[in-house]
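Novice: I'll drop the sequence and a predicted model, then ask my questions.
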Amino acid sequence: MDHCAAAYRGQLYFAAPQESLPGLARLEQQARQWPATPDDGEAILAPWESRPSADFGNNGEILRADIPSVGIATARGLAAMFNAVLQGKLVDPARSAELSALAFEGTDQVFGTPARMALGFPIGRMGAPAVENSVALGWPGGGGSYAYADPTRGVAFALTKTRLVPNFDTALSVTTILADHLAGTR
């Protein structure tokens, strides 16, 4: 194992090992009410995606389960993973270009919002103005977390939250500050 991989050990899991559970941060439920979800029987999202729950996220059985849409990560671990994608260390550059190419553009059938999707990731930095024509790829997480890689700017970013909230206000504020900073350094 190289030095870089060793430095991030224990910071990114899809199924956390039993021995790591005591060292994991515990989630807190924000006191505010979560937005109501339609009760039309056609829900596509799993309950933890539409209404994240600290009780669910702190459950040892869930933390040890390999659930593809549920990861256990630090911001540092996620940013390192996205940086490895940008550097061609996790996915070779040819495959990365293939995986990040536009695969769908239209209306998201879950949220009813405009969507640009690659194979597995939304394309474009959350909150980016259209004129930016962002090609970043990443994913918003339940409770307000967000991580992405921006190949144009060479930036890997991650923000994780232990206090679950029903919005991405913090992520949008921080990514806007980062984008403004990067625009000023050109």
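Specialist: Nice, thanks for sending it over.

Novice: what's near enough to touch Ala15?
Specialist: Residues in contact with Ala15, defined by CB atoms under 8 Å, 6 or more residues apart in numbering, are 63-67. To be clear about C-beta, it is placed using only N, CA and C from the backbone, and glycine gets the same treatment.

Novice: Where does Ile62 sit: helix, strand or coil?
Specialist: Put simply, Ile62 is helix when judged by DSSP: H, G, I helix; E, B strand; the rest coil.

Novice: contacting residues around the longest helix anywhere in the chain?
Specialist: The longest helix of the chain (DSSP state H) is helix 169-184. With contact meaning CB under 8 Å, 6+ apart, helix 169-184 is reached by 125-128, 132, 140, 144-146, 148, 153, 155, 157, 159, 161.

Novice: Just the buried residues from those, in PyMOL please.
Specialist: In PyMOL, this line selects whichever of the contacts of helix 169-184 come out buried by 16 or more other CB atoms under 10 Å:
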select buried, resi 125+126+127+128+132+144+145+146+148+153+155+157+159+161
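
Novice: Among the contacts of helix 169-184, give me the pair with the biggest separation.
Specialist: Taking CB to CB as the measure, these span a maximum distance of 24.5 Å, between Glu132 and Lys161.

Novice: Mind checking the pLDDT average for the longest helix of the chain?
Specialist: Throughout helix 169-184, pLDDT has a mean value of 89.

Novice: cool, and stretch 124-131?
Specialist: Averaged across stretch 124-131, pLDDT comes to 86.

Novice: Mind telling me which residue is nearest the centre of this structure?
Specialist: Nearest residue to the geometric centre of the chain (CA atoms, centre = their mean): Trp139, 3.6 Å.

Novice: out of everything not next to it in sequence, what's closest to it?
Specialist: Phe121 (6.1 Å; CB to CB, 6 or more residues apart in numbering).

Novice: didn't that neighbour look like it was pressed against Pro140?
Specialist: No: using CB atoms under 8 Å, Phe121 is not in contact with Pro140; the gap is 10.6 Å.

Novice: joint contacts of those two?
Specialist: By CB under 8 Å, 6+ apart, no residue touches both Phe121 and Pro140.

Novice: State the distance from the residue nearest to Glu28 when sequence neighbours are not counted to Gln29.
Specialist: In space, and not counting its chain neighbours, Glu28 is closest to Arg163: 4.7 Å by CB to CB, 6+ apart. Distance, Arg163 to Gln29, using CB to CB, to the nearest Å: 8 Å.
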